[in-house]
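Asker: When you get a sec, could you give me coordinates for this:
(4 chains, ligands or ions: 4)
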Amino acid sequence: MLNTLKQPKEKIIKYNPEMIFENFDPREDKILRIIDNDGNVLDKELMPDLDDETIIKAYKSMFFARTADEMAVSYQRQGRMYTYPPINGQEAIQVAAGLLIRENDWLAPAFRELAIMLAKKVTLKEIFLYYMGNEQGSKFEFANHVLPICVPIGSQLLHATGIGYSIKYQKKDEVVFGFIGDGGTSEGDFSEALNFAGVWQVPVIFTIQNNQYAISVPVQKQTKSVNLAVKSIAFGLPGIKVDGNDFFAMYSAYKEAYDYARAGNGAVLIEALTYRKGAHTTSDDPSKYRTKEEEMEWDKTDPLKRLKKYMDKNEIWKENEEELIEKYKLEIDKQFSEAETATYPLSDIFDYMYTEMPEILKKQKADFELFQTWKENRK
Amino acid sequence: MLNTLKQPKEKIIKYNPEMIFENFDPREDKILRIIDNDGNVLDKELMPDLDDETIIKAYKSMFFARTADEMAVSYQRQGRMYTYPPINGQEAIQVAAGLLIRENDWLAPAFRELAIMLAKKVTLKEIFLYYMGNEQGSKFEFANHVLPICVPIGSQLLHATGIGYSIKYQKKDEVVFGFIGDGGTSEGDFSEALNFAGVWQVPVIFTIQNNQYAISVPVQKQTKSVNLAVKSIAFGLPGIKVDGNDFFAMYSAYKEAYDYARAGNGAVLIEALTYRKGAHTTSDDPSKYRTKEEEMEWDKTDPLKRLKKYMDKNEIWKENEEELIEKYKLEIDKQFSEAETATYPLSDIFDYMYTEMPEILKKQKADFELFQTWKENRK
Amino acid sequence: MVQAINNALDIMLEEDKSVVIYGEDAGKEGGVFRVTEGLQKKYGEERVFDSPLAESAIVGAGLGMALSGLRPVVELQFDGFTYPAFNQIISNVSRMHNRSRGMYNVPMVIRFPYGGGINALEHHSESPEALYAHIPGLKVVIPSTPHDAKGLLISAIESDDPIVFMEPKRIYRAIKQEVSDEKFSIPIGKAKVLTEGTDVTVVAFGAMIRECQKAIVMAKEAGISVELIDLRTIYPIDKETIIESVKKTGRIVIVAEAPESFGVGGELIAIANEEAFLYLEAPPRRVMGFDTIVPLAKGEPMYMISPDRIFYEIEGTVKF
Amino acid sequence: MVQAINNALDIMLEEDKSVVIYGEDAGKEGGVFRVTEGLQKKYGEERVFDSPLAESAIVGAGLGMALSGLRPVVELQFDGFTYPAFNQIISNVSRMHNRSRGMYNVPMVIRFPYGGGINALEHHSESPEALYAHIPGLKVVIPSTPHDAKGLLISAIESDDPIVFMEPKRIYRAIKQEVSDEKFSIPIGKAKVLTEGTDVTVVAFGAMIRECQKAIVMAKEAGISVELIDLRTIYPIDKETIIESVKKTGRIVIVAEAPESFGVGGELIAIANEEAFLYLEAPPRRVMGFDTIVPLAKGEPMYMISPDRIFYEIEGTVKF
Ligand SMILES: Cc1ncc(C[n+]2csc(CCOP(=O)(O)OP(=O)(O)O)c2C)c(N)n1
Ligand SMILES: Cc1ncc(C[n+]2csc(CCOP(=O)(O)OP(=O)(O)O)c2C)c(N)n1
Ligand SMILES: [Mg+2]
Ligand SMILES: [Mg+2]
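Answerer: Numbers count the residues shown, from 1 in each chain, chains lettered A, B, ... in the order given. Ligands and ions are numbered 1, 2, ... in the order given. This is a model prediction of the structure:
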């Protein structure tokens, strides 16, 4: 009898280690977790093959990101920067992805992706510039294949899918990382992006940073689905739910997703379960909508503390954290100062609207300059 | 350990028969089918409890709809009507739903829902008026709670969800039927409508009429998911795939969905597997994108033939089909003639833009009348 | 203004059980600008609530509610996030009454904060009034004071037509004004002459009114008498009030934040030409935003229209 | 015109491997208007293909492609179905160059048929040019002949800025014109004087050009000399050509199908006022659609602008 889709059973192109996604079926609400809150390994089999040096590097990246994040919040409090969205608590996800992402791989961020942007060589100075209200911060001097911060929720994932198409069409060895929040999964663009990525079978790794809230709205009010990873089924993609505060779990999931996508099998959805420890942005007050108890409960899962405990237990970590933080602070402050001295000429408003400025804009600019002169003369 | 959604396990409010949705899991790509192409009952257990009279009524409704549909196509060919989208082949779905839908239940159609619109007491005259290019055809004189035909794909399902909210809020005993095509499932609005319906837990029965094509694009190019019913999982709704050309299967699925929704359990997704036997619309030529063989293969599953065979085997059908068709044709032609005599005054363009006409529109209308007078005088 | 709007919503929720309010963060938190603060507590979660994050759904579902007996007042979080709902607004909300030849009314309000001047991120400073005003079937309303916000919003909620209600976020908390606690309404479709004058007509709305008022002080000092009109309703536009004023002054300057090209200014100039051509003594002028993206905070002071820029253009017009 | 567009696409596909074309039914079937017919066969499914049914994705993914080395030419099926993509267009496509301060270009064309007069269903007859022209960062192009369609489309595909390319579907097959098979281009941003005249300037574009030409014949019989300008590019608008003509004729009539309020007409009147005020001898006039939904087939003959209506307004302007 005739049946629906009769999708030709796609042959999976070989990749390694070929097991995690199969074993953690989101339909059964399974979650991939490798170390517990105290840094104990729960399942040695699942432990990724990482040398101590890499683990330390990862921890330092997390640590640096957190320090920068906390300083950003305090710069903002000092009135030296406008709104800033902290990533505090979500470092493991981004640093794990950051270990894998190569120079030519693409990153399509939302706006809470500081750590992976740093991994892609976006500078803190640029991030600061942006949140000081200067678009020059989105012109990345050293980063390759990173899209600017994208504020309209969900829309960036379609760009990721389109880039995936380019990669496939141009037969390049590249992978796209697309990020979105839990709230963002409700936007039509999220579904459309995954659906197109499925049909086109393009190398995109979609990450949902499920930090439990969309501003004040808890994820339970976003959807009735058992979890967010399971949404992959609607688009025929592999999906997995991962403990986003467990660096090793995140790394393992990404490694498999990366190999899978890079081998040409298509896109993957990762739900990274985490918690936004800070406010939504510096203009938000979380005490309006969540309890201290909840925050403390989640604090036990903090990705930095957890990895630190693991390192301590395994005697990997040898550095002086105080010294490190001082060094980081100096570095961060230096970048901030550089950002603070940037100027914003009138031409910046006009110069980048088109590759060549149309007459209409030239005229508007000239008219404004006339006004400025008039104003000067008036004084 | 903290986990994702922690959806409170909703208690299902009792309804009957409470089994079909559970037994036909779309994740396993199961399909509900009760009679085969020759009208033989495949599983007596599943056979809905319908008396002969009702079955005959259903068949006649299907037969009437098909006759009207075929005549519509021929009116169009005669140049007496503009574009028309045939439903030929999709009658079982709509007639099954039509048996259940009550006067106060709501219908949010797309544009290929002739049969259920008739069941809701929309008149053929109105349908004809509409496709003759007169908006008066969307002002239903006898139908209650039917939205006008909605052309922007997918957008109508959000209206269905909103109506569901009204019903729940106003504590009414009503259910909403929302229809969409297979292609429509790719639109963001489809996902948003199901997601909101899930979160709000409102009485909406979503039907995907999967007729295999969106104009020329086959459903295999719409999505990578194993079927369309499985998309329900992304929104935490029950979903089922049904043989849409099997009247009994459709009726059973609808009956369960209806009882489930009406009891207050929330929304449901039904994928009805069918085939658009005709063209997309009268301006389309299917031979550009599908084969005669395929059409013939699907023709074996024709919902009318199939139900007729069932009735013949069980000696239910006693009427003279030739006579019936003549009677129907007369009736249809009468309604068509009535539609053909309708006029379209200038005021129709202006009168319904607002509940009260603003000055600006009055002026535009008056100016146009001046022009008309000038034109008259010029002759 | 935040309080006046909150009060209008409160009154309508109290009076009419069919009024419901929702949007992203509009429930528990009371909205990112606290416009709906306290309302969920007072009226319950069924009537004032958070929705999932999807603007098309917020508006589309709202339309469904409006068709089935409710009067939804939906909140979109910012001007720049109204666009995912654009299709629902232009293809369905604005048309359902006409499409159904009057079988269905659409008593629905779509509220959102708009405009620049608050040092915000991208997409948080837009003035899309011309886009919505060009859509047949909608009415577009913009208040410029707390009092007007309350009276116009009450009219909007009581209207059986769909209303796009744009709130000038820059003056959400900037203007102190005593507003009566009683229910009152201000008619939609009527502009208001705020200051009478004889030399030039200045037409503005929303947050620009305040800037114009500052410019008028400068003009007065320069001996120029300005007639200031607050448009209040962008569509249907109150041609009469504008024409009458232009006939008197012979000059018109339009002030608005949005990009100049294809914006509100052109429409007003067309109206002045079509109905008061022989009275015009100088070319009408537009003091509007550049045809650019509204810059981020550092660039915004150049983009945003200042009182001296308005004065500069007024003077230019009068001296023509 | 369908053939000329097809030919332009063919030339660009042939010349540049980075050009890809897709949209609903754009592949196998060659589009509902057969504009892309034969191209999939010639260039393969990777370069010319059907997409799933989702306009936001069509445009959003197209942007991704444009940022990563391709030159996508995406097709949206009808004017009325561009709106689901509105957010991607206004929030991302038009801004990525500016947002990234020039780090990324957006060499992308968004093609769609627009306009009324074909007895179509609702949403199939719209003229949204003013909506797109008001969006900073876009260019909006509308051809009026097969020759122009080809030359302008080639320019559009070669442009590094995003182009909204609106095709007047009513004359897709109506105008017979020999068009060279060679590659040629017509500059974007330049209007064209089609007929020189001295009494009145008529500005139009797209399918309205043909109607204007008929009206001009009537005007000539009535002794009126009309200068007809085809705008060709709606944004950035070619002020110079318009101003020069208005300075000569002293009169301007704008013809466009879209709803009058907040449409293209107002912008043109503003330009004429700002730059040629002292030359104006009569109030500029708009001959545009009503502020209503485009009616279905039976009502359309009243809505659509006919040559005699254009003539009527020309005469009115000249007799003023
Ligand atoms: C289309 C759109 N609607 C609304 C907003 C306003 N907004 C900014 S962040 C946010 C919540 C996002 O939540 P989530 O996706 O969970 O990401 P998170 O902030 O938690 O990282 C909202 C509603 C927006 N930026 N874009
Ligand atoms: C938003 C939108 N985009 C495009 C169209 C044009 N269009 C009309 S019907 C159709 C295909 C619909 O396919 P499907 O959803 O499978 O329904 P079917 O026609 O098969 O009943 C398309 C693309 C539309 N009506 N609305
Ligand atoms: Mg979140
Ligand atoms: Mg279909």
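Asker: Helices of the stretch 201-350 of chain A, start to end?
Answerer: A:247-262, A:292-299, A:303-313, A:321-340, A:347-351 (DSSP state H, counting those that start in this stretch).
Asker: Now do the buried residues in the shortest one.
Answerer: For helix A:347-351, the buried set under the neighbour-count rule, 16 or more other Cβ atoms under 10 Å in any protein chain shown, comprises A:348, A:349, A:350, A:351. C-betas here are computed from N, CA, C, even on glycine.
Asker: again with the fourth one
Answerer: When burial is assessed from 16+ other Cβ under 10 Å, helix A:321-340 yields the following buried residues: A:328, A:332, A:335, A:336, A:339.
Asker: what's in contact with that helix?
Answerer: A:60, A:63-64, A:67-68, A:71, A:75, A:80, A:123-126, A:128-129, A:132, A:134, A:137 (Cβ atoms under 8 Å, 6 or more residues apart in numbering or on different chains).
Asker: So among those residues, which ones count as buried?
Answerer: Among the contacts of helix A:321-340, those buried by neighbour count (16+ other Cβ under 10 Å) are A:63-64, A:67-68, A:71, A:75, A:123-126, A:128-129, A:132, A:134, A:137.
Asker: And the furthest pair within the residues you listed?
Answerer: Spatially, the most separated pair among the buried ones among the contacts of helix A:321-340 is A:63 and A:134, at 27.3 Å (Cβ to Cβ).
Asker: which parts of the stretch 201-350 of chain A sit against chain C?
Answerer: Contact residues (Cβ under 8 Å from any Cβ of the partner chain) of the stretch 201-350 of chain A with chain C: A:214-217, A:221-223, A:283-284, A:288-289, A:344, A:346, A:348-350.
Asker: Who's the closest spatial neighbour of the residue in the stretch 101-250 of chain A that ligand 3 sits nearest to, skipping the chain neighbours?
Answerer: Here the stretch 101-250 of chain A gets closest to ligand 3 at one residue, residue A:181, 3.7 Å apart by Cβ to the ion. In space, and not counting its chain neighbours, residue A:181 is closest to residue A:209: 5.6 Å by Cβ to Cβ, 6 or more residues apart in numbering or on different chains.
Asker: rewinding a little: identify whichever of the helices of the stretch 201-350 of chain A lies nearest to ligand 4.
Answerer: Per Cβ to the ion, nearest to ligand 4 of the helices of the stretch 201-350 of chain A: helix A:247-262, 30.6 Å.
Asker: Show the contacting residues for whichever residue of chain C sits closest to ligand 1.
Answerer: Per Cβ to the nearest ligand atom, residue C:81 is where chain C lies closest to ligand 1, at 3.6 Å. Contact partners of residue C:81, counting by Cβ under 8 Å, 6+ apart, are A:152, A:153, C:55, C:112, C:123.
Asker: Which pair in these has the greatest spatial separation?
Answerer: Largest separation among the contacts of residue C:81 by Cβ to Cβ: A:153 and C:112, giving 15.2 Å.
Asker: These two: which has the busier surroundings?
Answerer: residue A:153 (26 against 23; other Cβ atoms under 10 Å in any protein chain shown).
Asker: Helix, strand, or coil at that one?
Answerer: coil (DSSP: H, G, I helix; E, B strand; the rest coil).
Asker: Quick check, it in contact with residue A:184.
Answerer: Yes: the pair residue A:153 and residue A:184 qualifies as a contact (Cβ atoms under 8 Å) at a distance of 4.7 Å.
Asker: Looks like residue C:256 contacts residue C:204 (just checking).
Answerer: Yes: using Cβ under 8 Å, residue C:256 is in contact with residue C:204, at 6.7 Å.
Asker: which SSE is the nearest residue to residue A:108 once chain neighbours are set aside in?
Answerer: Among residues not flanking residue A:108 along the chain, residue A:160 sits closest, at 4.0 Å (Cβ to Cβ, 6+ apart). Using DSSP states H and E, residue A:160 sits within helix A:155-169.
Asker: Now that helix - C-alpha only, CSV.
Answerer: The C-alpha trace of helix A:155-169 is given here as CSV (Å, rounded to 0.1, in the frame of the first residue of the first chain):
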residue,chain,number,x,y,z
SER,A,155,16.5,34.5,12.6
GLN,A,156,20.2,33.7,12.6
LEU,A,157,19.6,29.9,12.3
LEU,A,158,18.3,30.4,8.8
HIS,A,159,21.6,32.1,7.9
ALA,A,160,23.4,29.1,9.3
THR,A,161,21.3,26.8,7.1
GLY,A,162,22.0,28.9,4.1
ILE,A,163,25.8,28.9,4.8
GLY,A,164,25.5,25.1,5.1
TYR,A,165,24.1,25.1,1.6
SER,A,166,27.0,27.1,0.3
ILE,A,167,29.5,24.8,2.0
LYS,A,168,27.9,21.8,0.4
TYR,A,169,27.5,23.4,-3.0
